[in-house]
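Novice: give me a 3D structure for the following:
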Amino acid sequence: MQLEPNYPNPFAQETRIPFILGADLFEDGRPVVVTVRIYNLLHQPIAIPTALDHPTSAGQPLQELRYEVPGRYEAHWDGTDQSGRRVSSGVYFCEIVANRARAVSRIAVTR
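Specialist: Numbers count the residues shown, from 1 in each chain. This is a model prediction of the structure:
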């Protein structure tokens, strides 16, 4: 699994978060369960991006979504928290968990 840099970064309105689910995650023939979360500097979860190109759940929160095949996928974050308020400028962290694999990247928000 690979978490690619979001784009644009930094961003003011919205960003896309690409990730790759490699064939090694699918070796047992089962779907891969993926969750993406945005955290603040205190490691408090503030948002769950939406799936852009999930075969059956595009536009849904990317939380425990099942992916059936390897490939490159994207999540979308509109820069708001779980209450729908715009987050302030600063550094945030994006975490992806796919089965037991985990990756983290930094995201910069400018207002």
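Novice: could you pull out the strands for the protein?
Specialist: Secondary structure of the chain (DSSP state E): strands at 2-3, 15-21, 32-39, 45-47, 50-51, 65-67, 71-77, 90-98, 101-109.
Novice: just checking, what packs against the fifth one?
Specialist: So that's strand 50-51. When contacts are defined as 3 or more Cβ pairs under 8 Å, 6 or more residues apart in numbering; DSSP states H and E, strand 50-51 sits against strand 71-77. All C-beta spots, glycine's among them, are computed from the backbone N, C-alpha and C.
Novice: what do you get for the fourth one?
Specialist: The contact analysis (3+ Cβ pairs under 8 Å, 6+ apart) places strand 45-47 against strand 32-39.
Novice: the third one too?
Specialist: Here strand 32-39 is seen to pack against strand 15-21, strand 45-47, strand 65-67, strand 90-98 when contacts are counted using 3+ Cβ pairs under 8 Å, 6+ apart.
Novice: can you list the strands that that strand pairs with?
Specialist: Strand 32-39 has the following sheet partners, assigned by DSSP bridges: strand 45-47 (antiparallel), strand 65-67 (antiparallel), strand 90-98 (antiparallel).
Novice: possible to save these as TSV with mean neighbour count?
Specialist: Supplementary listing: the strands paired with strand 32-39 in TSV, determined by neighbours: other Cβ atoms under 10 Å:
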stretch	mean neighbour count
strand 45-47	18
strand 65-67	18
strand 90-98	18
